[in-house]
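Participant: How does the following fold in three dimensions:
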Amino acid sequence: MSQVKRFEMNAAGRDFAVGDIHGHFTKLQVALDAAGFDPAVDRLFSVGDMVDRGPESLDVDEWVLRKPWFHAVRGNHEQMTVDSHAAGRASDQCGMHFINGGQWFYGLSSVEQGCYASILQDLPLVIEVETDRGLIGIVHADVPRGSWAEMIGALDGPAAEAEHIAAILQWSRKRITDENRGGVAGVRAVIVGHTPLRQPAILGNVYHIDTGGWMDRHFTLLNLQTLECIPPINPKLHWDWEATA
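Facilitator: Predicted structure coming up:
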């Protein structure tokens, strides 16, 4: 399984990214309809965390496997699902997953759990999308190095280093807690989720777009060609963040 999945330029339609979904696919579809999303030509890229917390986590297979225009990276909640299944029901991993919204998974049969775990395990950690204005990178949480190429190279390096890089890609909030505006070299923009915000935050060329659509807020769609948000960023709002697992 490749940790990086690459997509050529979309010459026919638009490309969008969306923040954490957390089992709210119906609400996501409403946002797509409002944006005039056309599944015949447009593509949607998810920053991961499609499962847990919401009522429709079971629909993740429908979106990942049956919507050819939908593509996702593996977030920390997908990883918790995979790790819990591998470790067994009595493990600490299962307990952590359960209290962080994974209840949907433990009502399934062992066969069903295996199917979902396999689907989520097959997701890449990194997506690259070519646009006419440059390369867009998509990860769940953060890029652990100042260079995109160095991060990609480290994923193919020694196992211990690759595991460390993967953990940062899926779990880190250091950039946003430090308000680090240094950016990532070698890529036009990096799109991440993981940390719920009142509105999108742009730190250097890193776009944080989890605006709590899975909570009582809204999904933000980011046009990868123009880097414009739907709905637009409100300059009167601060991007206060809140930590969740």
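
Participant: Please identify the helix or strand for Leu44.
Facilitator: strand 43-46 (DSSP states H and E).

Participant: Name the strands paired with that strand and say parallel or antiparallel.
Facilitator: Here strand 43-46 has these sheet partners by DSSP bridges: strand 15-18 (parallel), strand 70-72 (parallel).

Participant: a markdown table please, covering the ones you listed and showing mean pLDDT and distance to Glu161.
Facilitator: (C-beta placed from N, C-alpha, C; glycine too.) Formatted as a markdown table, the strands paired with strand 43-46 follow (pLDDT from 0 to 100; distance: least, CB to CB, whole Å):
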| stretch | mean pLDDT | distance to Glu161 |
| --- | --- | --- |
| strand 15-18 | 98 | 27 |
| strand 70-72 | 98 | 25 |
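
Participant: Can you tell me which of the ones you listed is packed in deepest?
Facilitator: Mean neighbours per residue, mean count of other CB atoms under 10 Å, is largest over the strands paired with strand 43-46 for strand 15-18, with a mean of 24.

Participant: Show me where the chain has its strands.
Facilitator: 4-7, 15-18, 43-46, 70-72, 126-131, 134-138, 189-192, 201-203, 206-208, 221-223, 229-230 (DSSP state E).

Participant: and these as a markdown table, adding distance to Trp239?
Facilitator: Formatted as a markdown table, those follow (distance: least, CB to CB, whole Å):
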| stretch | distance to Trp239 |
| --- | --- |
| strand 4-7 | 28 |
| strand 15-18 | 17 |
| strand 43-46 | 20 |
| strand 70-72 | 23 |
| strand 126-131 | 23 |
| strand 134-138 | 19 |
| strand 189-192 | 13 |
| strand 201-203 | 4 |
| strand 206-208 | 7 |
| strand 221-223 | 14 |
| strand 229-230 | 12 |
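
Participant: Of these, which is nearest Asp59?
Facilitator: Set against Asp59 and scored by CB to CB, the strands of the chain come closest in strand 70-72, at 11.4 Å.

Participant: gap between Val51 and His22?
Facilitator: To His22, Val51 is 7 Å away according to CB to CB, to the nearest Å.

Participant: just so I know, which of the strands of the chain lies nearest Val111?
Facilitator: strand 70-72 (23.1 Å).

Participant: contact partners of that closest one?
Facilitator: With CB atoms under 8 Å, 6 or more residues apart in numbering as the contact definition, strand 70-72 has outside contacts at 5, 7, 43-48, 50, 63-64, 123, 127.

Participant: Now distance to Thr26, pLDDT and neighbour count too, for the residues you listed, in JSON lines please.
Facilitator: Putting the contacts of strand 70-72 into JSON lines (distance: CB to CB, whole Å; pLDDT from 0 to 100; neighbours: other CB atoms under 10 Å) gives the following:
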{"residue": "Lys5", "distance to Thr26": "26", "pLDDT": "98", "neighbour count": "18"}
{"residue": "Phe7", "distance to Thr26": "26", "pLDDT": "98", "neighbour count": "17"}
{"residue": "Arg43", "distance to Thr26": "20", "pLDDT": "98", "neighbour count": "21"}
{"residue": "Leu44", "distance to Thr26": "15", "pLDDT": "99", "neighbour count": "21"}
{"residue": "Phe45", "distance to Thr26": "19", "pLDDT": "99", "neighbour count": "22"}
{"residue": "Ser46", "distance to Thr26": "15", "pLDDT": "98", "neighbour count": "28"}
{"residue": "Val47", "distance to Thr26": "19", "pLDDT": "98", "neighbour count": "27"}
{"residue": "Gly48", "distance to Thr26": "19", "pLDDT": "98", "neighbour count": "31"}
{"residue": "Met50", "distance to Thr26": "13", "pLDDT": "98", "neighbour count": "31"}
{"residue": "Trp63", "distance to Thr26": "11", "pLDDT": "98", "neighbour count": "20"}
{"residue": "Val64", "distance to Thr26": "16", "pLDDT": "98", "neighbour count": "19"}
{"residue": "Leu123", "distance to Thr26": "21", "pLDDT": "98", "neighbour count": "24"}
{"residue": "Ile127", "distance to Thr26": "24", "pLDDT": "98", "neighbour count": "23"}
